[in-house]
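Enquirer: coords below, sequence missing:
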């Protein structure tokens, strides 16, 4: 062992002994020299810093406590979440056949095929009103009665505007 190695061993041993003595005394073993300057106070005093902290809470205070993901989810976890049986499409139990046409529809909702028939008939009635009035939506503000073949106006309908259709009344179009 050389002389330099011996001094290195001795220095390390003394440093370890010193740190053990400091720890047994109850002090921090990471003590080191610090700079102390006696001069004008350029830095704020600790009391001023505490007063500033205890002033009005700002919106940034809550941002630091917000939750954020720390790690990326794996593809397996994402697939399990996406294909969760609780997220599957629910089976509808409120489907029944339409009493008019027989197509499937939801309960308490008008059948789509029957609604199309009503739309077509309404469009034809509007075209006939347009021909009677000259322009679309130029009708006077009064009630309108639609009369089909072989129908006569009732006494209640005398004061209303009458639109006559030259075809048989559809079964779903009630008075």
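Expert: That came through fine. If you're wondering where the values come from, they're calculated on a predicted model, not measured in any experiment.
Enquirer: Now do the contacts for residue 153.
Expert: Residues in contact with residue 153 (CB atoms under 8 Å, 6 or more residues apart in numbering) are 145, 147, 162. (Glycine included, C-beta is placed from N, CA and C.)
Enquirer: Would it be right to say that it lies in a strand?
Expert: No: remark: residue 153 does not belong to a strand; assigned using DSSP: H, G, I helix; E, B strand; the rest coil, it is coil.
Enquirer: Now do it, the pLDDT please.
Expert: Per-residue pLDDT puts residue 153 at 87.
Enquirer: what's the answer for residue 175, then?
Expert: So residue 175 comes in at 64 (pLDDT).
Enquirer: For the spatially closest residue to residue 132 that is not a sequence neighbour, grab phi and psi.
Expert: Excluding the flanking residues, the one nearest residue 132 by CB to CB, 6 or more residues apart in numbering is residue 163, at 7.0 Å. Note on residue 163: its backbone torsions stand at phi -110, psi 120 [degrees, to the nearest 10].
Enquirer: Residue 163 reaches residue 142, doesn't it?
Expert: No: Residue 163 is beyond contact range of residue 142, at 11.9 Å (criterion: CB atoms under 8 Å).
Enquirer: related to what we said a few turns ago, do you know how far the residue nearest to residue 132 is from residue 157?
Expert: Remark: distance between residue 163 and residue 157 (CB to CB, to the nearest Å) = 11 Å.
Enquirer: Show me the common contact partners of those two, please.
Expert: residue 145.
Enquirer: among the contacts of residue 153, which are in strands?
Expert: Of the contacts of residue 153, the ones assigned to strands by DSSP state E are 145, 147, 162.
Enquirer: any idea which of these is least confident?
Expert: residue 162 (87).
Enquirer: Isn't it up against residue 151?
Expert: No: using CB under 8 Å, residue 162 is not in contact with residue 151, being 10.0 Å away.
Enquirer: In terms of packing, which of the two has more residues around it?
Expert: With neighbours defined as other CB atoms under 10 Å, residue 162 and residue 151 compare such that residue 151 has more, 15 against 12.
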